[in-house]
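Chemist: Below are the sequence and a predicted model; questions follow.
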Amino acid sequence: MRSLFPVTDLTTTAAAPDPSGLLTDREWSLDELADAYAYPADLPAGAPWLRANMVSTLDGAAQHDGRSQPISCAADMRIFGTLRALADVVIAGAETVRLEGYRPARAREAFAARRAAAGQGPAPAVAVVTGSLDLDFSLPLFTEPLVPTLVVTGSGAPADRIAAAREAGAEVVIAGEGTRVDPARAVRELADRGLRRQLTEGGPRLLGQFVAAGALDELCLTLSPMLTAGDAQRIAGGPGVTVPERFALASLLEEDGFLFGRYRR
């Protein structure tokens, strides 16, 4: 993996001196990746930081045959695992949970000391955003998590489904009126529970809602050197914004033609 822009200085190119030694063509260690993708250390007390992690082909497809795995690669999965290991909570929409076969986040020994030093538990919680609670509560995501899975829904969600979620051991978080989840309120409600380092993995509809609400602080985007054509979703869908919001490039990594960009508000 090669850093095209050193993380600490976006005015330096790959041809410039590299005191960190990260411009060499080698596989970065997990510690180096964790340092490169660390959450901001200067957040105000209690403030959340919501980052998204998505992958897209050259022609804008966020998935192939309904899943992101076919357009991913080994390095992308290493970054995926690192981002999860740094987070307090992983946020996903119900459709993504169903399509991707979500399981509980696991504890990883490689990140145990780092998480302990940050005051985190052994693994992040998973928060599923759903208005209908149309979920299979017998799945391992609900029956086998290291920390209880959260279900984020609206105050008008079906009472029987809320009861089923709680009976399965999930924590129900109300973050909206009716069956609609307010994305900005969801971010605040999770932060109020101490889950400030937030990571959303989509899908596109949920990410689009976070973007439209102005709730997204950072986007980690893998650009896959593939073309798929077809009518696959983009990384963000749903309601648009009145004026496009510009993000700044924080770092850019490359391996085997895949680009791993990190953009911040």
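Modeler: Thanks, I have it.

Chemist: I'd like the distance from stretch 229-238 to the chain centre, please.
Modeler: Centroid separation for stretch 229-238 versus its chain: 18 Å, with C-alpha atoms, centre = their mean, to the nearest Å.

Chemist: now the closest residue to residue 182 other than its chain neighbours, what's its secondary structure?
Modeler: In space, and not counting its chain neighbours, residue 182 is closest to residue 176: 4.2 Å by C-beta to C-beta, 6 or more residues apart in numbering. Every C-beta, even on glycine, is put in place using the N, C-alpha and C of the backbone. Following DSSP: H, G, I helix; E, B strand; the rest coil, the label given to residue 176 is coil.

Chemist: Let me see the contact set for residue 176.
Modeler: By C-beta atoms under 8 Å, 6 or more residues apart in numbering, the contact set of residue 176 is 131, 153, 154, 155, 182, 185, 186.

Chemist: Now do the helices for the chain: every range, in order, please.
Modeler: 30-36, 74-86, 94-100, 109-117, 140-143, 159-167, 183-192, 204-212 (DSSP state H).

Chemist: tilt between the second one and helix 109-117?
Modeler: Which is helix 74-86. Orientation note: helix 74-86 sits at an angle of 30 degrees relative to helix 109-117 (axes from the mean of the first three to the mean of the last three C-alpha atoms, to 10 degrees).

Chemist: if we look at helix 74-86, which residues are touching it?
Modeler: 1, 30, 33-34, 37-39, 51, 53, 55, 72, 90, 105, 108, 110-111, 114-115, 124, 197, 199, 220, 222, 224, 255-256, 258, 260.

Chemist: Run a quick neighbour tally on the nearest residue to residue 60 once chain neighbours are set aside.
Modeler: By the measure of C-beta to C-beta, 6+ apart, the closest residue to residue 60 outside its immediate chain neighbours is residue 234, 5.3 Å from it. Other residues near residue 234 come to 14 when the count uses other C-beta atoms under 10 Å.

Chemist: The contacts of residue 176 in strands, which ones?
Modeler: Mapping those onto strands (DSSP state E) picks out residue 153.

Chemist: nearest to residue 142, of the contacts of residue 176?
Modeler: residue 153 (14.3 Å; C-beta to C-beta).

Chemist: Next, the contact list for that closest one, please.
Modeler: 129, 130, 131, 133, 162, 172, 173, 174, 175, 176, 179, 181.

Chemist: what's near enough to touch the spatially closest residue to the second one that is not a sequence neighbour?
Modeler: Yep, that's residue 130 we're talking about. Once flanking residues are discounted, residue 130 sits nearest to residue 94: 3.8 Å by C-beta to C-beta, 6+ apart. Residue 94 sits next to 128, 129, 130, 132, 133, 134, 135 when contact means C-beta under 8 Å, 6+ apart.

Chemist: State the number of residues packed around the first one.
Modeler: Which is residue 128. 25.

Chemist: got it, and the fifth one?
Modeler: Per other C-beta under 10 Å, the neighbour tally for residue 133 reads 23.

Chemist: Tell me the pLDDT of it.
Modeler: On pLDDT, residue 133 comes in at 94.

Chemist: Quick check: closest non-adjacent residue to it.
Modeler: Nearest non-adjacent residue to residue 133 (C-beta to C-beta, 6+ apart): residue 161, at 3.5 Å.

Chemist: got a list of what the one you found touches?
Modeler: Residue 161 touches 132, 133, 134, 135, counting by C-beta under 8 Å, 6+ apart.

Chemist: And the pLDDT at it?
Modeler: The predicted local confidence for residue 161 is 96.

Chemist: Could you check how far it is from residue 172?
Modeler: 9 Å (C-beta to C-beta, to the nearest Å).

Chemist: same check, this time on residue 63
Modeler: Residue 63 is 29 Å from residue 172, by C-beta to C-beta.

Chemist: With neighbour numbers in mind, choose between these two.
Modeler: residue 63 (27 against 15).

Chemist: hang on, the more buried one packs against residue 57?
Modeler: No. The pair residue 63 / residue 57 is not scored as a contact, 9.1 Å apart, by C-beta atoms under 8 Å.

Chemist: which residues do these two both contact?
Modeler: residue 71.
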